[in-house]
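Enquirer: have a look at this prediction, sequence included:
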Amino acid sequence: MDFESALPRIQHRNRRRQQILLILAAGLLAAAGLSLLLGRYPAPGLISWSQLTSDNLAARLVFGLRLPRLLTALLLGVTLSAAGMVFQLLFTNPLVEPGFLGVSQGAAFGAAFAILFLGHSMIVLQSSATFFALAGLGFSYLLARRLRYGGWILRLVLAGIAVSALFSAGLGLLKYLADPLSQLPEITYWLLGGLAGITWTRFLSVLPVVLPGLAIIYLYRWRLNLLALNDETSFALGATPGRERLLLILAAVLPTAALISITGIIGWVGLIMPHIARRLFAADTRFGMPATMLLGGLFTLLCDDLARTLLSGEIPLGILTSLFGALIFLGLMMAQKSRGKA
Amino acid sequence: MSGTILSFQDVVFGYQRYKTPVLQQLDFSLQPGRVTAILGPNGVGKTTLLYLALGWLTPWDGEIQLQDKPLSQHTRQERGRWLALVPQTEHTPFDYSVFEYVLMGRSPHLPPLGIPGQVDYEATWQAIEQVGLAHLADQSVPQLSGGERQLMLLARAIAQNPHLLLLDEPTAHLDLSNKARLIRLLRALQARGTTLLLTSHEPEVVLAVADDVLLLEADGTACFGPIAQIFTAETLSRIYQMPIRLVEVEGRRQVLWT
């Protein structure tokens, strides 16, 4: 078959993938619009537009509380799933997620540390969580450089596991020391993750880190494929694997650290969304990356809608993302099995 | 030194400083459009030499020039357009299609952070067709056989459209018919003016394609010359340390050993 007859097929596939992306984007926008109106004020359900314009409290509620929360949920989902995709490619391992280089456990330790010793200010807690998340990353990186075992990627994985274990031991100690009536519940609540306390200030405070990181990842959406190859091959294709991989790891980890410092630990988004995107578009990240971003945003937004509306009290978001993430993961594995039989 | 595409000038390289270097005083140059085979026993540094030519490894001493300019002074993208590598094996963890995988060969021809377009699709398709994998273009890479994989890696390098193609044991996983096909492909590349530098353990492959031979000895030294001069029973017996004879069967030279 010559190129003239092959080209329409290639173009058709690209168009089809773009259409799926458009559908996802439209779905995300619609979900975001509905979510803004959805809540328990004045009654469980959707708030009407006339009420929004006439009721002062309703408008303040929607634009002062729900909107920043909704945007944070979107940004969180987009970032975690994009970072997860970057990690899974660079580490050529479909089971890694953005927090594993000591970042999640570092943030958790930092938050608990702030709750125990640094008082109750949110800004202090956020700073402490960010600081220890970055410390976890830096420590993993330095440790990986010092290890004398295996290739660079394997060393990073090992270092990440070791550093995470150290922080989780430290976290265990802090929990043990915490006052079981006041501090321990606060630590537990933070660890479960949630967006209840999000304000415009806190949302805006993470943007300077999150947006550049996401922009880098998006621009790299095709080139990322090259960086998943063997070092020599990647180099032969004109890439500078060491430097470019480091750039992408930072572009993935820094926004993740910034976001989990205001939301707590949100599990499974970064692990599952890239898998679904690969189901849709196979391995190529050119369309897979935008897809995973949109899917992550949609998933987190819907989980947060449930978190704030299902019960009269707030359900921690991390519980819902883990629950639905794990269910989807199980579904994917079952589907794979039955497809293999056919 | 004009008229050479790649030259090694007194290159010394080793992996660990306190050990003796793997390669000593390597000095040779490749003429455009010629096929050079690197021969030598296991572990003597054949792949190392390819990685030096690629620029992935840097010599301890001496200089490697690409087109009369030190390799390190070419930009990464320039080098990607000049040189391509067909590695011996490659781990592919995710299920790319053959087309998507070969398309990656176009990256040195794209602007920074560019996305491939129709020109790249065409070059990719032609490369896939040239190696005879057009019927597998949509196939998932992990499902390919060893021979198909090897041909796909060659297609990626062809899509890169290099002046100098480096191949590491290109026939290692191939059956007889695929081996013959690969040899035909290498000759076709040479006919288009591509310079080839390949390592091989297989004398019949070397005899079939090589114009020049670079013979690496166990002590890290090397000799370089036209195949008729270097590829003799004496030198082969010496480097492999066993009796080897060259005989002519139906007009073709063959290697005999016991």
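Expert: Happy to help now that I have it.
Enquirer: which residues does the spatially most central residue of chain A contact?
Expert: Nearest to the mean C-alpha position of chain A, counting by CA atoms, centre = their mean, stands residue A:80 at 1.4 Å. By CB atoms under 8 Å, 6 or more residues apart in numbering or on different chains, the contact list for residue A:80 reads A:97, A:98, A:256, A:259, A:266, A:269, A:270, A:273, A:296, A:300. Any C-beta I mention is one placed from the backbone N, CA and C, and that applies to glycine too.
Enquirer: wait, doesn't residue B:92 sit right on residue B:142?
Expert: Yes: between residue B:92 and residue B:142 there is a contact at 6.0 Å, judged by CB atoms under 8 Å.
Enquirer: which of those two has more residues huddled nearby?
Expert: Comparing residue B:92 with residue B:142 by other CB atoms under 10 Å in any protein chain shown, the one with more neighbours is residue B:92, at 18 against 12.
Enquirer: quick one on the thing from earlier: of the contacts of residue A:80, closest to chain B?
Expert: Chain B lies nearest to residue A:273 out of those, by CB to the nearest CB, at 15.1 Å.
Enquirer: tell me which element the closest residue to that closest one other than its chain neighbours falls in.
Expert: Excluding the flanking residues, the one nearest residue A:273 by CB to CB, 6 or more residues apart in numbering or on different chains is residue A:81, at 3.4 Å. Element membership for residue A:81 (DSSP states H and E) is helix A:67-90.
Enquirer: can I get the contacts of residue A:80 in a markdown table with pLDDT?
Expert: Output for those, formatted as a markdown table (pLDDT from 0 to 100):
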| residue | pLDDT |
| --- | --- |
| A:97 | 85 |
| A:98 | 81 |
| A:256 | 93 |
| A:259 | 94 |
| A:266 | 92 |
| A:269 | 94 |
| A:270 | 93 |
| A:273 | 94 |
| A:296 | 97 |
| A:300 | 97 |
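Enquirer: pLDDT of the one helix or strand residue B:48 maps to, averaged?
Expert: Assigned by DSSP H and E, residue B:48 falls within helix B:46-54. For helix B:46-54, mean pLDDT is 94.
Enquirer: please see if it touches chain A.
Expert: Yes: on the criterion CB under 8 Å from any CB of the partner chain, helix B:46-54 is in touch with chain A at B:51, B:54.
Enquirer: which elements pack onto that helix?
Expert: Using 3 or more CB pairs under 8 Å, 6 or more residues apart in numbering or on different chains; DSSP states H and E, the elements in contact with helix B:46-54 are helix A:231-236, strand B:6-13, strand B:23-30, strand B:35-39, strand B:83-86, strand B:164-168, strand B:195-199, strand B:212-216.
Enquirer: before we move on, what's the pLDDT of the residue of the stretch 1-150 of chain A found nearest chain B?
Expert: Nearest residue of the stretch 1-150 of chain A to chain B: residue A:92, at 4.1 Å (CB to the nearest CB). For residue A:92, the pLDDT comes out at 86.
Enquirer: can you list the residues of the stretch 151-258 of chain B near chain A?
Expert: Listed as neighbours of chain A in the stretch 151-258 of chain B under the rule CB under 8 Å from any CB: B:160, B:166.
Enquirer: how about the strands in the stretch 151-258 of chain B?
Expert: Secondary structure of the stretch 151-258 of chain B, counting by DSSP state E, counting those that start in this stretch: strands at B:164-168, B:195-199, B:212-216, B:222-226, B:244-249, B:252-257.
Enquirer: likewise chain A?
Expert: A:38-39, A:45-46 (DSSP state E).
Enquirer: rank these by pLDDT, which is bottom?
Expert: When the strands of chain A are ranked by mean pLDDT, strand A:45-46 comes last with a mean of 82.
Enquirer: pLDDT wise, what is the residue of the stretch 201-342 of chain A found nearest chain B at?
Expert: When scored by CB to the nearest CB, the stretch 201-342 of chain A has residue A:238 as its residue closest to chain B, at 2.8 Å. If you check residue A:238, the pLDDT there is 93.
Enquirer: let me know how buried the nearest residue to residue A:101 once chain neighbours are set aside is, in neighbour terms.
Expert: Distances taken as CB to CB, 6+ apart put residue A:160 closest to residue A:101, at 4.1 Å, once the chain neighbours are dropped. Neighbour count for residue A:160, taken as other CB under 10 Å: 26.
Enquirer: how much space between residue A:160 and residue A:30?
Expert: As for residue A:160, its distance to residue A:30 is 38 Å (criterion: CB to CB, to the nearest Å).
Enquirer: which one of the strands of the stretch 151-258 of chain B lies closest to residue B:104?
Expert: Set against residue B:104 and scored by CB to CB, these come closest in strand B:164-168, at 16.0 Å.
Enquirer: in its sheet, what does that closest one sit against?
Expert: Using DSSP bridges, the strands paired with strand B:164-168 are strand B:83-86 (parallel), strand B:195-199 (parallel).
Enquirer: that strand: how far from the chain's middle?
Expert: Distance of strand B:164-168 from the chain centroid (CA atoms, centre = their mean, to the nearest Å) equals 2 Å.
Enquirer: what do you get for stretch B:119-129?
Expert: The answer for stretch B:119-129 is 21 Å, by CA atoms, centre = their mean.
Enquirer: would you mark the buried spots in that stretch?
Expert: Neighbour-count burial for stretch B:119-129 flags B:120, B:121, B:122, B:123, B:124, B:125, B:126, B:127, B:128, B:129 (criterion: 16 or more other CB atoms under 10 Å in any protein chain shown).
Enquirer: could you do stretch A:305-316 as well?
Expert: Residues of stretch A:305-316 classed as buried: A:305, A:307, A:308, A:309, A:315, A:316 (neighbour count, 16+ other CB under 10 Å).
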